[in-house]
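Enquirer: Any chance you could fold what I've pasted below:
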Amino acid sequence: MTETFWIAATVLIIIALAFVLYPVMFHRRGARQQTDLRNQNLMAYRSRMAELEKEHQAGIIDKESHRQLRDELAGAMLDDVPDNEAPAKTVPGRKAAMAVALFSILVIPAATVLLYEEWGSMDSVEAFVAMQELGSSDDARSAQMNELTQQLRERLEASPDNPDGWAMLGQTYMRLERHDDAAWAFRKLADSVSSDDESRAVALGLAAQAQFFRSQGAMTEKVTSAIEEARALNPDEVNSLGLLGIHAFSQNNYREAIRYWERVQTVAPDHPQLASIQGGIKEAYTRLGEQPPAAKPAFPAPNDGLEAQSVGVTVRVALDDAFQKDVPADTTLFLFARAANIQQGPPLAVVRLTAGDLPIEIRLDDSHAMAPQAVISGVEEVVVTARLTRSGNINAQPGDWQGSTDSPIAVSEDQGSPVALVIDQQLID
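Expert: Predicted coordinates for the structure are as follows:
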């Protein structure tokens, strides 16, 4: 599975060996070149001395000229050898170089593999490869999927801090209809995201869903326990709400099924199974012998008339000039108020608009509540936030534009002057 990884590692090891072996094998080249040059000078000196002897004996040059030329030649020869140069010591360089080279070839690759196994991330590499292969599998390759799933499971057990890996494993077990294993994998996912309540709630909701499928739709103790854990972290966890709606419908409790499914519509307007949920709501009304009510927006319409007196707060929302050219007019705008001392859980009031409505003056009161038990009139102070999002999702996403009131606003019947709220920042992560 990891041939490419090991090929790359082998190439890097060879490069590392080259850095070690090159100076060991070739560091004497300069000395050899210098020795060759001196040998050439010596041979030229001897050849010229022999020529001078022949010319003197043949009478071409006299004795004085012969002596003078010989002295000059000897002086030139001495100039090529420094006076303080010591004779070079003979070192068994070839044998030493071969010993170092052999040692390097044996030790460096072995040390690289051992150290990588000790401190590297081979488990993550192999888990990623297994995930990639699983992603490309289909039903016709179920045997191979089972093998790859087992490999991925082993990698994740060895290196459990991998939420994406646990999610992939759980989804694969669901496709293989190994629901017990899927529930186990989703609980491992919940453990790996324990610092994020919302993500942990989703993972527990998926575990409940797996147990629900295993029990063929029965609300067993394991299913109920997982749902309760998920909703303790997030009462609006959509997988749990969906299961509760299905169970209520199967018990002929259509009114309660409608309540759960309509809640899913409200908190997750972009849910991938929204069409099925809406179909279930329609069927539940039919079983009750009632007509579904006229379609209502996911969030109440803004009360921008301001004539009626109500308990709430009034704000004037505007977009900072720096973002005017960046935000299209059809960008979704969410305006919501939360209790000043509670920044988690559902908002007390929510309005859904678009960027084209800005600037706008609006009053948030109980008519904008998302749940009857959580209303703005039940608190003394709120913090109001405005968020522009291209995704249409109420949950914050990177790239969204947002702004909040600088300080808590007192809730009262007095309409008073609106509090300024400027959308002046873009979310990075």
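Enquirer: Could you give the average pLDDT over the host helix or strand of residue 243?
Expert: Using DSSP states H and E, residue 243 falls within helix 238-250. Average pLDDT, helix 238-250: 90.
Enquirer: again with stretch 11-25
Expert: Average pLDDT, stretch 11-25: 68.
Enquirer: hey, C-alpha coordinates of whichever helix or strand comes after the helix holding residue 243 in CSV?
Expert: Per DSSP H and E, the first helix or strand lying C-terminal to helix 238-250 is helix 254-267. In CSV, the C-alpha atoms belonging to helix 254-267 read as follows (Å, rounded to 0.1, in the frame of the first residue of the first chain):
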residue,chain,number,x,y,z
TYR,A,254,-47.8,11.5,14.8
ARG,A,255,-48.1,14.8,16.6
GLU,A,256,-44.8,14.2,18.4
ALA,A,257,-43.2,12.9,15.2
ILE,A,258,-44.2,16.2,13.6
ARG,A,259,-42.7,18.2,16.5
TYR,A,260,-39.3,16.5,16.2
TRP,A,261,-39.1,16.6,12.4
GLU,A,262,-40.2,20.3,12.3
ARG,A,263,-37.4,21.0,14.8
VAL,A,264,-34.9,19.4,12.4
GLN,A,265,-36.2,21.7,9.6
THR,A,266,-35.7,24.7,11.9
VAL,A,267,-32.2,24.0,13.1
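Enquirer: quick check: angle from the helix or strand that comes right after helix 254-267 to helix 254-267?
Expert: Next helix or strand after helix 254-267 toward the C-terminus (DSSP H and E): helix 274-288. Counting by axes from the mean of the first three to the mean of the last three C-alpha atoms, to 10 degrees, helix 274-288 lies at 150 degrees to helix 254-267.
Enquirer: Okay, buried residues for helix 274-288 please.
Expert: 277, 278, 280, 281, 284, 285 (16 or more other C-beta atoms under 10 Å). Bear in mind the C-beta positions are built from the backbone N, C-alpha and C, glycine included.
Enquirer: and it, what does it pack onto?
Expert: Secondary-structure packing of helix 274-288 (3 or more C-beta pairs under 8 Å, 6 or more residues apart in numbering; DSSP states H and E): helix 238-250, helix 254-267.
Enquirer: Now do the buried residues in the longest one.
Expert: Meaning helix 254-267. Buried residues in helix 254-267 (16+ other C-beta under 10 Å): 254, 256-267.
Enquirer: again with the shortest one
Expert: Residues of helix 238-250 classed as buried under the neighbour-count rule (16+ other C-beta under 10 Å) are 238, 239, 240, 241, 242, 243, 244, 245, 246, 247, 248, 249.
Enquirer: Please write out the alpha-carbon positions of that helix in CSV.
Expert: Provided in CSV are the C-alpha atoms of helix 238-250 (Å, rounded to 0.1, in the frame of the first residue of the first chain):
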residue,chain,number,x,y,z
VAL,A,238,-30.3,16.4,14.3
ASN,A,239,-29.6,12.7,14.1
SER,A,240,-31.2,12.2,17.5
LEU,A,241,-34.2,14.4,16.6
GLY,A,242,-34.7,12.4,13.5
LEU,A,243,-34.6,9.0,15.3
LEU,A,244,-37.0,10.3,17.9
GLY,A,245,-39.4,11.4,15.1
ILE,A,246,-39.1,8.0,13.4
HIS,A,247,-39.8,6.2,16.7
ALA,A,248,-42.8,8.4,17.5
PHE,A,249,-44.2,7.8,14.0
SER,A,250,-43.9,4.0,14.4
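Enquirer: I would like the residues contacting it, please.
Expert: Residues from elsewhere that reach helix 238-250 (C-beta atoms under 8 Å, 6 or more residues apart in numbering): 202, 204-206, 208-209, 212, 217, 219, 223, 226-227, 230-231, 254, 256-258, 260-261, 263-264, 267-268, 271, 273, 277, 280, 284.
Enquirer: same question, the longest one
Expert: Contacts to helix 254-267, defined as C-beta under 8 Å, 6+ apart, come from residues 236, 238, 241-242, 244-246, 248-249, 271, 274, 277-278, 280-281, 284-285, 287-288, 298-299, 346, 370, 394.
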